[in-house]
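Visitor: When you get a sec, could you give me coordinates for this:
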Amino acid sequence: MSRPYFHHTPETASDFAQNLRENSVEYVRFELPDLAGLSRGKTVPMNHVESYTLNGLNLYGGAVTLDSASIPIQGTGYNEDINFADCLMIPDPDTVSNVPWLANTARVICDTKWYDGRPQPAAPRTVLKNILSLAAQMGYGVKMGHEYEFYVVDAATRKPLYTGQPIFVTSLLHQHPALDKLMRVLNLSGVDMITANGEYGPSQWELNFAAADGIAAADRAFVFKNTVKEFLHTEGLLATFMTKPYKGLAGSCSHFHISLYDLATGRNVFLDASDKDGMSPIMKQFTAGILEHAAAAQAIWNPTPNCYRRIRPHTFAPSNISWGVEDRSASVRIKASKDKRQHLEVRVPSALSNPYLTAAATIAAGLLGMQHESVLAPERSGLKEADDSFKKLPTEMHESLAALEADTDFIHMLGSEFVGVFQKVKAAEILRLREDIPAAETNEYFDLY
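Guide: Alright, predicted model coming up:
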């Protein structure tokens, strides 16, 4: 496998800092994606960037494994077990982008290693790099893209900006100048925007960006999500990727698009022009692998209890393990263009999911299907969500974590250290949230009984 972090020399560190100075950068945000996909890190004045690039920037070593409330979870091997030791952030020069709403400020995405040089196997970016390296060893590159839905609401009231279900209604979308500003900010941040539209929920938006190769695709998604939240806050708005923020309204998803290509020729290996749906044997095996490991991947695709409020039949949020050609109700939708664009779309992941881990879980499952030469069952006719004979996806977080724990091949692909950390953090989150008393229970029982 390739090195999980960029190795800097005095020359590369100097060149990195000089390029930033030439672009009038005064501050650099060293950022890393944590377990939830949030950006954590430190901001560095320009005169210290070269030194930190060469030697690494110290950061609390358990930062990548904090839970959603920033609580260090015991037993992960990243916290009290090692006396809360620091790690080092190593910037990847290929990931530099502007932070347009802050003067003369740039960001760079970092990998992390311990002081003795060992990478952190639980770091999401490292998990994905390792899976991509395995694909490369098999002779394949990965082209992929994430689609995110999210709600934009008034920051003070948390109420949507408009009502109804005006999906694709252009006039409503452009009544809010913040969206136009956001699209420009995203482009200036290095995110190649391609479309924007209103979604099914009131004040629910979908902004799509171009697919990319390998780690760059997940890096782009990481920048996208954090930019959307941070910039709209400066406009007095709150963007939420929470999966199901409102009862009775549409949930927010992250549809994940993927294809493999031959590293030697660049050919899309998912395409077979002689097949009626354009599906090559590799594409069929990859799809079968996703379905075989979908129950385990569910824990990563939908990583919080709230995510499971979205997994309901007849909501365009797949609730069973199925595939179909151009079927929006299936877990895996085959985009049968029958040309170089041939790819598949996994429709299960939540908008709240971590883009690095969504990609890693999907690729790991697909590669297992290829390694085992898994056989894809014939497509069934009709809407897949209407077919009760399909096996159901887990509908509770503890069920998906149990499926993950039982899938030893999948664990081996993702790395046992990462999976162990993920399971401990998520189990602790579940227990902590169970201690809270939901408002619905108080409203239901307090006065009546």
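
Visitor: Can I take it that residue 128 is in a helix?
Guide: Yes - counting by DSSP: H, G, I helix; E, B strand; the rest coil, residue 128 is part of a helix.

Visitor: which residue ranges form the helices in the stretch 301-449 of the chain?
Guide: 355-371, 397-406, 408-414, 416-434, 439-445 (DSSP state H, counting those that start in this stretch).

Visitor: With respect to burial, which of those scores highest?
Guide: helix 355-371 (a mean of 26; mean count of other C-beta atoms under 10 Å). Any C-beta I mention is one placed from the backbone N, CA and C, and that applies to glycine too.

Visitor: which strands and helices sit next to that one?
Guide: Under the contact criterion of 3 or more C-beta pairs under 8 Å, 6 or more residues apart in numbering; DSSP states H and E, helix 355-371 touches helix 124-137, strand 140-154, helix 215-234, strand 254-262, helix 281-292, helix 294-301, helix 408-414.

Visitor: So for it, mean pLDDT?
Guide: For helix 355-371, mean pLDDT is 98.

Visitor: between the helices of the stretch 301-449 of the chain, which one is nearest to residue 326?
Guide: Closest of the helices of the stretch 301-449 of the chain to residue 326 is helix 355-371, at 19.1 Å (criterion: C-beta to C-beta).

Visitor: Distance from the chain centre to the closest one, please.
Guide: Centroid separation between helix 355-371 and its chain, computed with C-alpha atoms, centre = their mean, to the nearest Å, is 13 Å.

Visitor: now swap in stretch 229-242 and tell me
Guide: Centre to centre, stretch against its chain (C-alpha atoms, centre = their mean), the figure for stretch 229-242 is 18 Å.

Visitor: same check, this time on stretch 378-395
Guide: Relative to the centre of its chain, stretch 378-395 is centred 25 Å away, using C-alpha atoms, centre = their mean.

Visitor: mind listing what's buried in that stretch?
Guide: 379, 384, 385, 390, 393, 394 (16 or more other C-beta atoms under 10 Å).

Visitor: List the contacts of the residue most central in space within the chain.
Guide: Geometric centre of the chain, nearest residue: residue 355, 1.5 Å, by C-alpha atoms, centre = their mean. Contacts for residue 355 were tallied using C-beta atoms under 8 Å, 6 or more residues apart in numbering; they are 33, 37, 146, 217, 218, 221, 222, 225, 254.

Visitor: what's the spacing between it and residue 23?
Guide: Separation of residue 355 from residue 23 (C-beta to C-beta, to the nearest Å): 26 Å.

Visitor: again, but for residue 348
Guide: In terms of C-beta to C-beta, residue 348 sits 40 Å off from residue 23.

Visitor: So which of these two has more stuff around it?
Guide: For residue 348 and residue 23, the more surrounded residue by other C-beta atoms under 10 Å is residue 348, and the numbers stand at 28 against 11.

Visitor: Which of the residues in stretch 275-282 are classified as buried?
Guide: 278, 279, 280, 282.

Visitor: I figured the first one was touching residue 272, is that so?
Guide: Yes - applying C-beta atoms under 8 Å, one finds residue 278 in contact with residue 272, separated by 6.4 Å.

Visitor: Would you map out the domains in this structure?
Guide: According to automatic domain parsing, the chain comprises the domains 26-120, 130-414.

Visitor: Take these and write them to JSON lines, including distance to residue 430.
Guide: Converted to JSON lines, the domains of the chain look like this (distance: least, C-beta to C-beta, whole Å):
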{"stretch": "domain 26-120", "distance to residue 430": "10"}
{"stretch": "domain 130-414", "distance to residue 430": "6"}
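
Visitor: Where does the prediction get shaky in the chain?
Guide: Where the chain drops to pLDDT under 70, the residues are 1-6.

Visitor: Show me what stretch 95-111 is in contact with.
Guide: Stretch 95-111 is contacted from outside by 4-6, 19-20, 23-33, 41, 43, 57, 89-93, 119, 123, 125-126, 129, 185, 188-190, 219, 222-223, 230-231, 234, using C-beta under 8 Å, 6+ apart.

Visitor: what about it, start to end distance?
Guide: The stretch stretch 95-111 measures 11 Å between its terminal residues, going by C-alpha to C-alpha, to the nearest Å.

Visitor: Please renumber the chain so that the first residue is 845 from this point on.
Guide: Done: numbering now begins at 845, and the last item shifts to stretch 939-955.

Visitor: circling back: and the contacts of stretch 939-955, which of them are in helices?
Guide: Those of these mapping onto helices are 863-864, 969-970, 973, 1029, 1032, 1063, 1066-1067, 1074-1075, 1078, per DSSP state H.

Visitor: Just the buried ones out of those, please.
Guide: For the ones in helices among the contacts of stretch 939-955, a burial check counting by 16+ other C-beta under 10 Å picks out 864, 969, 970, 973, 1029, 1063, 1066, 1067, 1075.

Visitor: Out of the domains of the chain, flag the one nearest residue 1276.
Guide: Residue 1276 lies closest to domain 870-964 among the domains of the chain, at 7.3 Å (C-beta to C-beta).

Visitor: now the end-to-end length of stretch 999-1011.
Guide: 22 Å.

Visitor: Surely residue 854 and residue 898 touch.
Guide: Yes - with contact defined as C-beta under 8 Å, residue 854 and residue 898 form a contacting pair (6.1 Å).

Visitor: more crowded one of the two?
Guide: residue 898 (17 against 10).

Visitor: Provide the secondary structure category for that one.
Guide: State at residue 898, reduced to three classes by three-state DSSP: helix.

Visitor: same deal with residue 1008?
Guide: Assigned with three-state DSSP, residue 1008 falls in the coil class.

Visitor: Give me the neighbour count for it.
Guide: Neighbour count of residue 1008, defined by other C-beta under 10 Å: 12.

Visitor: Residue 1008: which of the helices and strands packed on helix 1199-1215 is closest?
Guide: Per C-beta to C-beta, nearest to residue 1008 of the helices and strands packed on helix 1199-1215: strand 984-998, 13.8 Å.

Visitor: helices and strands around the closest one, which ones?
Guide: helix 968-981, strand 1048-1053, strand 1056-1057, helix 1059-1078, strand 1081-1084, strand 1098-1106, helix 1199-1215.

Visitor: nearest to residue 1283, of these?
Guide: Across those, residue 1283 has its closest neighbour in strand 1081-1084 (17.7 Å, C-beta to C-beta).

Visitor: Name the residues that touch the closest one?
Guide: For strand 1081-1084, contacts defined as C-beta under 8 Å, 6+ apart pick out 994-999, 1002, 1005, 1022, 1072-1073, 1076-1077, 1096.

Visitor: got those as CSV, with neighbour count columns?
Guide: Converted to CSV, those look like this (neighbours: other C-beta atoms under 10 Å):
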residue, neighbour count
994, 26
995, 25
996, 22
997, 21
998, 13
999, 13
1002, 12
1005, 17
1022, 17
1072, 24
1073, 17
1076, 22
1077, 13
1096, 27
